[in-house]
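K.L.:
Please find the sequence and the predicted model below.
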Amino acid sequence: MKLKVLEKSIDRVKIQLQGISLSYANAIRRIALSEVPVMAIDNIIIIENSSIMYDELLAHRLGLIPLKTDLSKYVLPKDCDCDNSLGCLKCSVSLVLDSGDNDSTKEILSGQLKSVSDTTTIPVNSNIPIVKVAPGQKVSLEAYARLGTGKEHAKWQASNVSILKPTKEEDTDNDYTLEIESTGALSAIEIFVKATEILRNELQEFTEKTGSLKK
Amino acid sequence: MAVQVKKYDAWPIIKNMLETEEVARQHLNSYNELIETGLQSIIDEINGLEIEALGNPYRVKFGKLTIGKPRVVEIDGSVSNILPLEARLRALTYSAPLYLEMVMEEKGSATDMQRQHIGELPVMVKSKLCALNGYNEEQLIERGEDRHDPGGYFIVHGSERVIVGLEDLSPNKVLVDIEKTGTTTTFKSRIYSSIVGYRSKLEITLKQDGAVNVKLPSSPVDLPFVTVLRTLGLQTDKEIADTISLRPEIQDLLEVSFEKSSETPTTDDALVYIGNRVAHGMPDEFRVRKALSVLDWGLLPHLGRKEENRFDKAMFIGEAVCKLLELKLGLVTPDDKDHYGNKMIKFAGQMLADLFRTSFRNLVRDLKYQLERTGQRRGINVVGAAIRPGIIKDKLTNSIATGNWGRGKVGVTQLLDRTNFLSTTSHLRRIQSPLSRTQPNFEARDLHATHFGRICPTETPEGANCGLVKNIALSAMISVNSPIDDVIERLTELGVISTREKREDMKADDCKIFLNGWFMGFHSDGKQLVSEFRDIRRKSGIHPHVGIAYFPPPAKKASHRVYVSTSAGRVIRPLIVVKNGKPLLSVEKIEKIIQGENNWRDLLMDGLIELIDANEEENAYISMEYSDLNNEHTHLEIFTPSMLGVAGSVIPYPEHNQSPRNTYESAMAKQSLGFSTPTYPVTTSVREHLLVYPQSPLVTTQLTDLLRLNERPNGQNCVVAVLSYEGYNIEDAIVMNKSSIQRGLARSFFYRSYKAEAKQYPGGMKDNFEIPSAEDNIRGYRGEKYYRLLEPDGVISHESVVGGGDVVIGRTSPPRFMEEYREFEVKGPYRRDTSSAVRPTESGVVDSVFVTESLEGGHSYTIRIRDMRIPEIGDKFASRHGQKGVIGLTVNQEDMPYTEDGIVPDVIINPHAFPSRMTVGQFIESLAGKTASMRGRQTDGTAFVGENPDDLKKELKSHGFRETGREVMYDGITGRKYMVDVYIGVVYYQKLHHMVTDKIHARARGQVQMLTKQPTEGRARGGGLRFGEMERDCLISYGASMVLKDRLLDEADKAELYVCEECGLIAYYDTKQHRYVCRICGDPSKISTVVVAYAFKLLLQEMMSLNITPRLKIKAKV
């Protein structure tokens, strides 16, 4: 089996996988899309929202903002031993957004979302528009981000583009190219590594389970 | 340097025309005319009233009518001017007061004058009466309006109502027809003579005996036409014959008619003859008087109702007979009733004029009665006090509110469709035909050649109303009344000789000139007259809406005729004037329009373009294309795509679709959710939708932008693959990407408003807004949990999460009827719970709470609930090509197919949707959408003139795609490459307002009807699903009799019935004596219990009430 990184940047990676079966390669592609955990805002406490945008829409938009994720620091809520609906320091990050007072119409951008507990978990891009507020309108909220997977909701997808195709025109000798594009929450290569890790863990668990059948 | 040749493209003219005139012009023009001249002329017709007070009669003369500003009179009598916004929010009627000058006249001299309030007139939004008239966009926004709102509708009791245009046969026209019944052939001439609010049909027939008869509405029998002409003042046979025609062939046909009228050789004889028939059995002098009044009032009223008009009437009847005889001789063909030149459209102004006439007459009649009853008291103040403005106010508001126009006319007004901006615009351009929808009327439903540029060929409903409900094309305009005196003057100058002038040199082929159904005179050369007249019109000598048409004789011996019309309601359309094969409108002039230096009206004034009605178009030879022009052409089309209506013109590449698909899409676009109005936060209509992220289409049309649908869109651009997916998109289902949905695709809000008002009742009792308390004696108390969200004032607060049954406004009301005092009433007086609760099947969040004061003085609350609707299985979607479908499956991104570039479709539709439907337009849209998204610019898909699909293919290729639109795709589940390439591109999809949440329904047990004890019907009442006859047949044929009994009896309306075995009638069980009683047979009697359906028991008893004795013969089970 051969593995070759053809192209690599922070948010895009192209890897040639040789001598690996299609189903195995496709599993990595699918896991990259749906099972690599990343941070996304999941719970919001709205203190004030006098903007034209409804609370539920605001929440939806905030949820979709990609957040820089450090997988070593956090665990998935289901693996966390805390019993708090908003999570604890190990499984969640709290952020705040306050539009402040304004006397002209202004756009609230993702950059104004400030992290409280962990200054590294911040929006990938600070120029994502969240809501426009007119003079006298105000938005003030607390947001709680947590780890999750794309299986649950598209906001937790680590990558939005993941392509697997045969390296050559005809698909004969188990030679595939996998291309992963990141949302920015993790680096593209991290996603790939994490995806293989997840696959390995699952296979390991599966092997253990099947092994136990022999006894 | 090479000279750049500019392409001849007259699109800016249509663009400028629609921008300046806007889409509701026809309503506004019609209404403005009503308020400026129409109402006054109706008042002038009546002019005043005579009061026959004992001893000294007096007169009240009417003067000038003035109309105030839109206003409301509050309960305390204070008056304030209102804006449409306030009318909508407070459920008021947007209307303005009418004041009429009234002058007291005693013994011929005016003594006193006063302005009196006579009623209220509903105000059309954006008309000259409207408070918004003349405001610019910023000012409109300040007043809480949508700056693009077209206006043209009324606000009555807070709801927006449109008076849809009513198509009618044009009045005052001679229409000839051949009627064949069996072996007999009858030739008929019909004239619908009409003046505002009054219509009289005149029929002239030629039967097989060769006699020509006139049928008057007021006469029970047909009258010989010669006799009628004699009553109108023509005497000798020659005079009459010459009036009809100078041709011997035609005069020969009159012989029988003259013979028939030989008993009435003079006018007086003729009057007696008619008098005998219209007023049979009355005194002599009365008969003649009646005959004269029939002639003046009942016969051709459009020519006037005075003695001096009789001559014109005679001439007109002469023409009608002439045309009839020409038809008989085969010189002319029967008139085409469906020709749009024989149609007119009535809008709000004309419709309201009818109502105003009757209600004003009622007011005057009532006033006369009141004043005569008061007797000696007189003076202008007495007159003022006797006026009841409510007569006019109530009639007008009630008619608009209900659409009930009297005389069986219903559905004249409709609730303005606010589903999306397109549906609103389209609704304002709709036309209804008065023809019955139950009869076939095949020809009337067909598309007619004269519809071109006037009526949209695609936009019509399917089914009962097909072809009867139409929409006016974008290029069409509706004519307004123009001054007639100018026209008469011009025509006379051009050599028209009046019918009143006796001429010796009159020739049989002189051309007859008609002006609005008045036989004006003759001209030696009709063709030349028409051409000279048009030159004057092109030089702005007369109103551009005046139409003139020359009808050359179809056969050599037929009459030449010219028709001139200045009437309102004709559908006219602009065309470029062509002379010697060259359009008068130059490219430079078009450039000036683009620069904004000129507007389309300047071109009209300069005679470069002109407005043509359907009759005049018969004289035109129109070129579709600039390049096709030759010397014969008289006109050039301005912009062919504008032949379509509102809904038709937003379909991209419609010329590539099978025609009915465009019709389906025209109907469907009006059901799609979008951004209907920026005032959505403060609208309180009962139901409303809002698409969360609407997008302007990537493949657009030039008219989309013009209709402001890029700013008020109703759909989203989706990546669409044409592919089968695991069978979940068969039968028109679509597979949708779940991840796209989670990212916000097709997300919408549904709003429902609940309204409640506190009413006052006689006897000092009133409704209270409060939390109904369990301690108080309240009937219909729902239980504490349903009131939990109410605040102390009885109203729910913002952003409360509500579910089905939760009360949003708590209200208690006094007992419905004053009940008699009950001696043993323990609980004392009670109140009823009349709270408003969320519908049982709905839920959401309280969006807004509106508090206002109603006109009765009480508080009025409107609670608006919003519900976020995320697409789910069963929600309906459609592309813009009549391709609709419901979501059959939502699929995660990783399971969706992907292309080489990693593109994942939002929607997967089944390939079977195409072969039989032939919506090639959708394929081209897909391709064009793909190109547009790659180049970052919208593609123009306007009908006939859109970007060439071949060019798009080339451009697509330059972006690295294949020009076929197909791509290699991989299965997301297995990662395997598909065997075939997949057609994938970007298509605009619309979410339609049929959503499963509003339809899903099941029932185990529930309500039953009071009368029959059978389960209720319908989802709103938690009804059962009918186990119908066919289902019953299935069980019978299968032999599952116990299942049958279970469904139809045990679980339906099972009832026990006591039947007397002796008489077979119903008995009962006396609970006091513990025994069964038959009242017929008395004791002793054998009574059995029978299980029957309750509906059967009901049938027995209903039969008994009809004096039928149904006897049940009971036998023991064997």
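P.N.:
Great, that's in hand.
K.L.:
where does chain A come near chain B, residue by residue?
P.N.:
Residues of chain A found near chain B (CB under 8 Å from any CB of the partner chain) are A:22-23, A:25-26, A:29-30, A:33-34, A:52, A:54-57, A:60, A:64, A:150-151, A:153-155, A:157, A:160-166, A:171, A:179, A:181. Every residue, glycine included, has its C-beta placed from N, CA and C.
K.L.:
Return the subset of those lying in helices.
P.N.:
A:Leu22, A:Ser23, A:Ala25, A:Asn26, A:Arg29, A:Arg30, A:Leu33, A:Ser34, A:Asp55, A:Glu56, A:Leu57, A:His60 (DSSP state H).
K.L.:
how close does the fourth one sit to A:Arg12?
P.N.:
This points to A:Asn26. Using CB to CB, to the nearest Å, we find A:Asn26 at a distance of 19 Å from A:Arg12.
K.L.:
which of these two has more neighbours?
P.N.:
Higher neighbour count among A:Asn26 and A:Arg12: A:Asn26, with 22 against 16, using other CB atoms under 10 Å in any protein chain shown.
K.L.:
thought the more buried one was touching B:Tyr898?
P.N.:
No: with contact defined as CB atoms under 8 Å, A:Asn26 and B:Tyr898 do not form a contacting pair (10.8 Å).
K.L.:
my read: B:Ile387 touches B:Gln114, true?
P.N.:
No: counting by CB under 8 Å, B:Ile387 does not reach B:Gln114; the two are 10.5 Å apart.
K.L.:
Out of those two, name the residue with the larger neighbour count.
P.N.:
Set side by side, B:Ile387 and B:Gln114 give different neighbour counts by other CB under 10 Å, the larger being at B:Ile387 (21 against 16).
K.L.:
Would you check how far apart the more buried one and A:Glu152 are?
P.N.:
On the measure of CB to CB, B:Ile387 and A:Glu152 end up 72 Å apart.
K.L.:
Which elements pack onto the longest strand along chain A?
P.N.:
Among the segments of chain A that qualify as a strand by DSSP state E, the longest is strand A:38-49. Helices and strands in packing contact with strand A:38-49 are listed as helix A:55-63, strand A:139-148; criterion 3 or more CB pairs under 8 Å, 6 or more residues apart in numbering or on different chains; DSSP states H and E.
K.L.:
now the angle from that strand to strand A:139-148?
P.N.:
Between the axes of strand A:38-49 and strand A:139-148, defined by axes from the mean of the first three to the mean of the last three CA atoms, to 10 degrees, the angle is 160 degrees.
K.L.:
outside of stretch B:671-682, which residues touch it?
P.N.:
Taking contacts as CB atoms under 8 Å, 6 or more residues apart in numbering or on different chains, the residues outside stretch B:671-682 that touch it are A:52, B:85, B:89, B:144-147, B:149, B:418-424, B:683, B:688-691, B:694, B:712-715, B:748, B:751, B:848, B:850, B:878, B:990-994.
K.L.:
B:Lys15 falls within a helix, correct?
P.N.:
Yes: note on B:Lys15: a helix contains this position according to DSSP: H, G, I helix; E, B strand; the rest coil.
K.L.:
wouldn't it be in contact with B:Leu706 here?
P.N.:
Yes: using CB under 8 Å, B:Lys15 is in contact with B:Leu706, at 5.8 Å.
K.L.:
hmm, back to that, for the longest strand of chain A, list every residue counted as buried.
P.N.:
Within strand A:38-49, the residues that qualify as buried by neighbour count (16 or more other CB atoms under 10 Å in any protein chain shown) are A:Val38, A:Met39, A:Ala40, A:Ile41, A:Asp42, A:Asn43, A:Ile44, A:Ile46, A:Asn49.
K.L.:
what would the residues you listed look like in a markdown table with pLDDT?
P.N.:
A markdown table is the format used below for the buried residues of strand A:38-49 (pLDDT from 0 to 100):
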| residue | pLDDT |
| --- | --- |
| A:Val38 | 96 |
| A:Met39 | 95 |
| A:Ala40 | 96 |
| A:Ile41 | 96 |
| A:Asp42 | 94 |
| A:Asn43 | 94 |
| A:Ile44 | 95 |
| A:Ile46 | 95 |
| A:Asn49 | 95 |
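K.L.:
Let me have the residues you listed in CSV, adding distance to B:Leu790 as columns.
P.N.:
Putting those into CSV (distance: CB to CB, whole Å) gives the following:
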residue, distance to B:Leu790
A:Val38, 43
A:Met39, 40
A:Ala40, 37
A:Ile41, 33
A:Asp42, 32
A:Asn43, 28
A:Ile44, 27
A:Ile46, 23
A:Asn49, 23
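K.L.:
Report the two of these separated the most.
P.N.:
In these, two members sit farther apart than any others by CB to CB. They are A:Val38 and A:Asn49, at 26.0 Å.
K.L.:
Go through chain A and flag its longest helix.
P.N.:
helix A:188-214.
K.L.:
on contacts alone, who are the packing partners of it?
P.N.:
Where contact means 3+ CB pairs under 8 Å, 6+ apart, helix A:188-214 is packed against strand A:2-8, strand A:12-18, helix A:22-34, strand A:175-182.
K.L.:
rewinding a little: just the ones of the contacts of stretch B:671-682 in helices?
P.N.:
Where these overlap with helices, as defined by DSSP H, the overlap consists of B:Leu85, B:Leu89, B:Phe421, B:Leu422, B:Ser423, B:Thr424.
K.L.:
Can you pick out the most distant pair from these?
P.N.:
Farthest pair in the ones in helices among the contacts of stretch B:671-682 (CB to CB) is B:Leu89 and B:Leu422. Separation: 24.9 Å.
K.L.:
Which one's more surrounded, the two?
P.N.:
Set side by side, B:Leu89 and B:Leu422 show more neighbours around B:Leu422, with 26 against 18, by other CB under 10 Å.
K.L.:
Which parts of chain A belong to which domain?
P.N.:
A:2-35+A:158-212, A:38-151 (automatic domain parsing).
K.L.:
And the residue of chain A found nearest chain B, how far from B:Lys785?
P.N.:
Of all residues in chain A, A:Asn26 sits closest to chain B, at 2.9 Å by CB to the nearest CB. For A:Asn26, the distance to B:Lys785 (CB to CB) stands at 52 Å.
K.L.:
go on, B:Leu1065?
P.N.:
Where B:Lys785 is concerned, B:Leu1065 sits at a distance of 49 Å (CB to CB).
K.L.:
Look at these two and report which has more neighbours.
P.N.:
Under the neighbour definition other CB under 10 Å, B:Leu1065 and B:Lys785 were set side by side, and B:Leu1065 has more, 17 against 10.
K.L.:
Grab the nearest non-local neighbour of that one.
P.N.:
Residue nearest to B:Leu1065 in three dimensions, not counting chain neighbours: B:Ile1080, with 5.5 Å by CB to CB, 6 or more residues apart in numbering or on different chains.
K.L.:
Please apply the same query to B:Tyr626.
P.N.:
Once its chain neighbours are removed from consideration, B:Tyr626 has its nearest residue in B:Tyr8; the separation is 4.1 Å (CB to CB, 6+ apart).
K.L.:
So what touches stretch B:899-906?
P.N.:
For stretch B:899-906, contacts defined as CB under 8 Å, 6+ apart pick out A:161-163, A:165, A:179, A:181, B:718-721, B:723, B:736-737, B:739-740, B:745, B:893, B:896-898, B:967-970, B:972, B:982, B:984, B:989.
K.L.:
for it, which positions count as buried?
P.N.:
Within stretch B:899-906, the residues scored as buried using 16+ other CB under 10 Å are B:Thr899, B:Gly902, B:Ile903, B:Val904, B:Pro905, B:Asp906.
K.L.:
so which of those would you say is closest to chain A?
P.N.:
Nearest to chain A out of the buried residues of stretch B:899-906 is B:Gly902 (CB to the nearest CB; 3.9 Å).
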